[in-house]
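S.K.: Provided below are the primary sequence and the corresponding predicted coordinates.
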Amino acid sequence: MATGSHSDRSGTGTFGFDWLSVALVLGGVLLLYYVVPLVSLFLSVPAGEILARMNNPTVVDSATTSVMSASVSTVIATLFGLPLAYWLARTDGAVTKIVLAVVILPLVLPPTVGGIVLLTVFGPSSPLGEAAVAAGFPLTRSLAGVVLAQTFVASPFVVVTAKAAFESVDQTLEYASRSLGKSRWTTARNVTLPLAGPGILAGITLAFARAIGEFGATMMMAYYPRTMPVQIWVAFIELGLDNAYPVAIMLVLIAAAALLILNTVASNPWE
């Protein structure tokens, strides 16, 4: 028994294996599967050539569209997602579970299916879509279509992550504030939001990163104006893989920036 206990503590098994090292080796294979393609992408084209291609007007236009639409989508997701996250965090029951399932649904739906779902409501043949076209504000093949698609797929990140952040706040602090005569809104603004701030910022960051990389639903809702993922697809189909590299590298850099924010000023929800 004593020998077995010593083996468990040291991580060495019956046959002399250090199982922690075995786990690292097996996991390292998957880690290399993540890292090697990214390194290969950056080594595929000289840095000078990539910088030169980034001045291409089509690349600049797609980057502008992506940053603008993702920013608007993130603001909308935050504006409507935070109240929903707060409600989910402070209520319980069957209705809460159903609402949470609805929020998570866009995360598990294939993006193209999400685009089709949106087209049934906002498409040009739908009543709402026809009314929007008549008013001169089409909801597809426009920046509005891009925003609608990005908001659909990215907003759950705000709700789910902010919900976890609100739940992590000690409710006795809220009760103390309410016992001093403060309203629920004042308590939320002065107590809950500051304490949940890093988690909320993480959700907003994840939503922006997801929105700017959205492809499937965006293709269904708005092929034009082209976002960066759509531009990558067009460049790959029409001109080959080499021409898709610059925009792909830009998206990788944006994703890296999002990770940097998560691990510095925000609260990484996966740690």
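M.R.: Cool, the structure landed.
S.K.: Can you pull the poorly scored residue ranges out of this protein?
M.R.: Low-confidence segments of the chain, defined by pLDDT under 70: 1-17, 266-270.
S.K.: so where do the helices sit in it?
M.R.: 2-10, 19-44, 47-53, 57-90, 94-108, 111-122, 127-134, 143-167, 171-179, 184-187, 193-212, 216-221, 228-239, 245-262 (DSSP state H).
S.K.: Buried residues, the longest one. List them.
M.R.: The one in question is helix 57-90. Going by neighbour count (16 or more other CB atoms under 10 Å), the buried part of helix 57-90 is 59, 62-63, 65-66, 69-70, 72-74, 76-78, 81-82, 84-86, 88-90. (Glycine included, C-beta is placed from N, CA and C.)
S.K.: ditto for stretch 44-51
M.R.: In stretch 44-51, counting by 16+ other CB under 10 Å, buried: residue 50.
S.K.: Same question for stretch 191-211.
M.R.: 191-193, 195-196, 198-211.
S.K.: what's the answer for stretch 148-165, then?
M.R.: 148-165.
S.K.: Stretch 91-107 now?
M.R.: Neighbour-count burial for stretch 91-107 [16+ other CB under 10 Å]: 99-100, 103, 106.
S.K.: just to revisit the earlier point, can you lay out the helices of the chain as JSON lines showing distance to residue 271?
M.R.: JSON lines is the format used below for the helices of the chain (distance: least, CB to CB, whole Å):
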{"stretch": "helix 2-10", "distance to residue 271": "26"}
{"stretch": "helix 19-44", "distance to residue 271": "17"}
{"stretch": "helix 47-53", "distance to residue 271": "32"}
{"stretch": "helix 57-90", "distance to residue 271": "19"}
{"stretch": "helix 94-108", "distance to residue 271": "20"}
{"stretch": "helix 111-122", "distance to residue 271": "27"}
{"stretch": "helix 127-134", "distance to residue 271": "42"}
{"stretch": "helix 143-167", "distance to residue 271": "12"}
{"stretch": "helix 171-179", "distance to residue 271": "23"}
{"stretch": "helix 184-187", "distance to residue 271": "28"}
{"stretch": "helix 193-212", "distance to residue 271": "10"}
{"stretch": "helix 216-221", "distance to residue 271": "29"}
{"stretch": "helix 228-239", "distance to residue 271": "28"}
{"stretch": "helix 245-262", "distance to residue 271": "9"}
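S.K.: Residue 88 and residue 111, how far apart?
M.R.: Relative to residue 111, residue 88 is positioned 24 Å away (CB to CB, to the nearest Å).
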